[in-house]
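>>> pasted the sequence and its predicted model underneath.
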Amino acid sequence: MLSRDGLLVRVRLYSGRLPAMVALRLAELSEHFGNGLIDLSVRGNLQLRGVTETKYKGLVTELDALGLIDADATTEAMRNLLVTPFWTAEDGAQEIAAELEARLGEFPALPGKFGYAVDTGVLPVLRGASADVRIERVDERLVVRAEGMKMGAAVTVGSAVDAVLELCRWFVDSGGVSGGRGRMASLIKRGAVPDARFQAVSMADSLEFVPRLGRVAAGVLVGFEFGQMRAKTLAALARLGDMRLTPWRMVLLERAEMPDVSETIIDSDDPALRVVACTGAPACLQGLRPVRDVARRLAAAVPIGKLLHVSGCTKGCAHPTATDVTLVATAMGFNLIQGRTAADSVLRHVTVHELLAQPELLTEAFDAS
Ligand code: SF4
């Protein structure tokens with residue numbers, strides 16, 4: 001993908017795992033072929049920034065040598081897989097993810113955004129992340145369900161992928177794809193219902209999962225300002241061991257000790273986590289002004305438990321859903337939006353000077369949100 005700071009190269013890891021040796025090499029590749037900046041995506045991928053067109057081919061060769069390039073582009077485009085980062089050796093997540101990745105060649109042609117969530121822990125943690133087919137757990141049973149359905153089919157670790165494939169074939173046969181686009185939830189919303197087998201087990205509702213940084217059973221969860229790290233940070237983390245990627249722009253380190261690596265966030269109350277901001281200008285071609293420095297300077301004014309989204313344009317890439325307060329860049333400053341998305345109606349316009357000189361403007365907006 002072309003950006004103003006060069007090509008953005010998305011690297012899809014297998015089964016959500018980032019082995020230490022692969023991470024170390026990716027850090028080297030980011031320095032050598034890119035600008036040394038690495039983004040974490042909400043789909044659990046890494047993105048190397050600032051790759052020049054002349055170096056792109058060399059980078060792909062190196063990624064291939066690491067085993068990160070699929071045999072063909074079609075299969076790679078279908079490898080949209082999220083795996084619970086809290087998986088254990090007993091919950092089947094890694095076996096199911098590996099089989100699903102290995103069998104994607106058997107699947108029908110699906111839209112580019114169509115994806116899967118392997119979320120087989122005791123409680124689902126990926127429901128806030130985009131997926132079309134989910135593999136979850138109800139008590140001791142594994143269940144495959146279509147996004148948008150509150151029921152699913154009981155499966156085992158060995159039969160889960162067959163059920164996923166069946167559901168995907170049903171999605172295509174039922175008219176889920178139109179002009180190369182389509183999502184499972186939209187098809188279900190239009191009244192389509194998969195066969196009775198996929199209505200056998202009722203799913204429990206769950207509260208939205210909010211990840212907390214620090215120690216967890218599987219290791220240590222760490223965050224990064226704006227979900228971005230430098231190559232040297234990735235290299236330092238790699239020296240501590242293997243990692244797992246998440247859809248929360250956080251990384252789970254497979255170790256018990258807290259890391260001491262600069263530029264990582266290990267406290268969930270860190271104000272840096274109360275702001276999200278896209279790349280903005282000048283790195284993004286659509287960005288109307290720089291946003292991250294403004295977000296950084298406003299973070300302390302964001303109340304605990306609230307979220308401020310600062311966006312370079314109305315596309316709102318960093319947070320497509322609603323936030324408490326959103327600031328959208330304009331030629332003259334920012335549009336202030338309450339409790340909605342970057343594309344929604346504007347409450348008022350503020351200049352950068354007003355925002356930074358009068359933080360009470362933001363406080364009032366949060367109070368009213
Ligand atoms: S929201 Fe706009 S400025 Fe920000 S990254 Fe997306 S397209 Fe670029």
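Yes, it's here. Model, not experiment: these values are computed from the prediction.

>>> number of nearby residues for the closest residue to Met203 other than its chain neighbours?
Excluding the flanking residues, the one nearest Met203 by C-beta to C-beta, 6 or more residues apart in numbering is Lys150, at 5.3 Å. C-beta: built from backbone N, CA, C; applies to glycine. Residues contacting Lys150 under the criterion other C-beta atoms under 10 Å number 11.

>>> now do the same contact list for the residue of the stretch 251-369 of the chain at minimum distance from the ligand.
Of all residues in the stretch 251-369 of the chain, Gly312 sits closest to the ligand, at 2.6 Å by C-beta to the nearest ligand atom. Contacts for Gly312 (C-beta atoms under 8 Å, 6 or more residues apart in numbering) come out as Cys278, Thr279, Gly280, Ala281, Cys284, Gln286, Gly287, Leu288, Arg289, Pro290, Val291, Ala329.

>>> now do Pro247
Contacts of Pro247 by C-beta under 8 Å, 6+ apart are Val42, Arg43, Gly44, Leu82, Leu126, Gly128, Ala129.

>>> closest to the ligand out of those residues?
Using C-beta to the nearest ligand atom, Val42 comes nearest to the ligand of these, at 12.7 Å.

>>> so which bits of the stretch 151-300 of the chain are right by the ligand?
Proximity of the stretch 151-300 of the chain to the ligand (C-beta under 6 Å from any ligand atom) is limited to residues Cys278, Thr279, Gly280, Cys284, Gln286, Gly287.

>>> pretty sure Ser284 is touching Leu2, no?
One correction, residue 284 is Cys, not Ser. No - using C-beta atoms under 8 Å as the test, Cys284 is too far from Leu2 to be in contact (10.3 Å).

>>> show me which positions of stretch 137-150 end up buried.
Of all the residues in stretch 137-150, those buried under the rule 16 or more other C-beta atoms under 10 Å are Arg137, Val138, Leu142, Val143, Val144, Arg145, Ala146, Glu147, Met149.

>>> and the ligand, which of those residues contact it?
Okay, of the buried residues of stretch 137-150, nothing touches the ligand (C-beta under 6 Å from any ligand atom).

>>> now the residues of the stretch 151-300 of the chain next to the ligand: which count as buried?
Counted by 16+ other C-beta under 10 Å, those give Cys278, Thr279, Gly280, Cys284, Gln286, Gly287 as buried.

>>> so where do the helices sit in the stretch 151-300 of the chain?
160-173, 184-189, 231-238, 292-298 (DSSP state H, counting those that start in this stretch).

>>> distance between the shortest one and the chain's centre?
Pointing back at helix 184-189 there. With C-alpha atoms, centre = their mean, to the nearest Å as the basis, helix 184-189 stands 21 Å off its chain's centre.

>>> and the nearest residue to Ala117 once chain neighbours are set aside, how many neighbours does it have?
In space, and not counting its chain neighbours, Ala117 is closest to Ala131: 3.7 Å by C-beta to C-beta, 6+ apart. By the other C-beta under 10 Å criterion, the neighbourhood of Ala131 contains 23 residues.

>>> so in terms of bridging, what pairs with the closest residue to Thr52 other than its chain neighbours?
Spatial nearest neighbour of Thr52, excluding adjacent residues (C-beta to C-beta, 6+ apart): Gly6 at 5.5 Å. According to DSSP bridges, the residues that bridge with Gly6 are Ser3.

>>> hang on, the earlier thing: using TSV, please lay out the buried ones among the residues of the stretch 151-300 of the chain next to the ligand together with distance to Pro111.
TSV is the format used below for these (distance: C-beta to C-beta, whole Å):
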residue	distance to Pro111
Cys278	24
Thr279	25
Gly280	29
Cys284	25
Gln286	23
Gly287	28
